[in-house]
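Chemist: I would like to see how this sequence folds:
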Amino acid sequence: MYDLVALEAELAGSVFAGKLKFSSVTGSTNTDALAAARSGAQHGSVFFADEQRAGRGRGDHSWQSDAGQGLYVSVLLRPEIEPAHLPMIPLATGLAAAQAIGLTAGVQVDIRWPNDLLIGDRKTGGILVESRTDASAATFVVVGIGINVHQRGFDVDLSTPATSLDIASGRTISRQALLIALLKSLEQEVCGLYDPVVLAAIPARVALLSTWIWNRHVEVHGPQSCVGITVGLDTDGFLLVRTSHGTVAVQTGGIRAADVD
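Modeler: Purely as a prediction, here's the structure:
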């Protein structure tokens, strides 16, 4: 269980101070954050739980969220960025999560565009970003992050085999230390996106951490379904895939390794 007093002390002076909302059990922390956002909750509000009964990933996929086993957290942001820059938020969140996992578990994370956190070829975490915008600005963004920490067993039918930080590191990782590191990194990464220099650097920084951005034979799932070779990210953070019909800038969807004949 989390020590809420110690958490508040560690986050004193941050944008998250005094805005931690913990639930022992909830349906989905993202659902909680979205409801609070519509009711006027503050920028930097953090919703986290010991267990989720209806955890969600991208594309309406479920996220296994057993009690006490993982980190299940959603952060409400009201960023001062244009809607066109919203695709940078999951990428910046991936950078923050990779840094936090490296600091607490000592393992290297591979970012599979746009929202999967892998250790080797196994998935240990995912990111779900949901937003509401008007014509000129994002009114709010909810950043949901799920990370497997203590899990030892996983559904055999998962499209990507899974792992946890305990398995990958060979030791027991503190969820509290991981949450603190994640929020501190997230504040630095996401709350700095109003700076054009920081924003412009995101694609190159993600490419340095990811084995999926260049020279991977992938299958794209979603509205822009295609098969091809990845050839980098464009300035908007979209994945470039060279296909037999030309290069596609994939704006939404997910990718998997494609079978090579």
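Chemist: can you give me the helices for the stretch 151-261 of the chain?
Modeler: For the stretch 151-261 of the chain, the helices defined by DSSP state H, counting those that start in this stretch occupy 165-169, 175-190, 196-209.
Chemist: Could I get those in a markdown table, plus columns for distance to Glu51 and mean pLDDT?
Modeler: Just so you know, the C-beta spots here come from the backbone N, C-alpha and C atoms, and that holds for glycine as well. Shown next, in a markdown table, are those (distance: least, CB to CB, whole Å; pLDDT from 0 to 100):
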| stretch | distance to Glu51 | mean pLDDT |
| --- | --- | --- |
| helix 165-169 | 17 | 97 |
| helix 175-190 | 12 | 96 |
| helix 196-209 | 30 | 94 |
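Chemist: Need those in a markdown table (columns: mean neighbour count and distance to Val149).
Modeler: Shown next, in a markdown table, are those (neighbours: other CB atoms under 10 Å; distance: least, CB to CB, whole Å):
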| stretch | mean neighbour count | distance to Val149 |
| --- | --- | --- |
| helix 165-169 | 20 | 5 |
| helix 175-190 | 21 | 5 |
| helix 196-209 | 15 | 20 |
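Chemist: so which of these gets nearest Arg216?
Modeler: Arg216 lies closest, by CB to CB, to one member of these: helix 196-209, at 11.6 Å.
Chemist: tell me which strands and helices the closest one is in contact with?
Modeler: On a contact count with 3 or more CB pairs under 8 Å, 6 or more residues apart in numbering; DSSP states H and E, helix 196-209 meets helix 88-105, strand 110-112, strand 226-233.
Chemist: Quick one: list the elements packing against the shortest one.
Modeler: In other words, strand 110-112. helix 88-105, strand 116-119, helix 196-209.
Chemist: Generate TSV for those, with distance to Thr26 as supplementary columns.
Modeler: Below are these laid out as TSV (distance: least, CB to CB, whole Å):
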stretch	distance to Thr26
helix 88-105	20
strand 116-119	22
helix 196-209	30
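Chemist: for the ones you listed, which one sits closest to Asp157?
Modeler: strand 116-119 (17.1 Å).
Chemist: re earlier: Ala162 is nearest to which of the helices and strands packed on strand 110-112?
Modeler: strand 116-119 (9.7 Å).
Chemist: Need the residues that contact the closest one.
Modeler: 94, 97-98, 101, 107-112, 123-127, 147, 160, 163, 168, 254 (CB atoms under 8 Å, 6 or more residues apart in numbering).
Chemist: Just the buried ones from these?
Modeler: 94, 97-98, 101, 107, 109-112, 123-127, 147, 163, 168, 254 (16 or more other CB atoms under 10 Å).
Chemist: give me the low-pLDDT residue ranges for the stretch 51-200 of the chain?
Modeler: Applying pLDDT under 70 to the stretch 51-200 of the chain flags residues 55-65, 134-138.
Chemist: which of the residues in stretch 91-100 are buried?
Modeler: Using 16+ other CB under 10 Å as the test for burial, stretch 91-100 gives Leu91, Ala92, Thr93, Gly94, Leu95, Ala96, Ala97, Ala98, Gln99, Ala100.
Chemist: Go ahead and confirm the last one touches Gln188.
Modeler: Put plainly, it is Ala100. No - contact criterion CB atoms under 8 Å: Ala100 and Gln188 do not qualify, at 10.7 Å.
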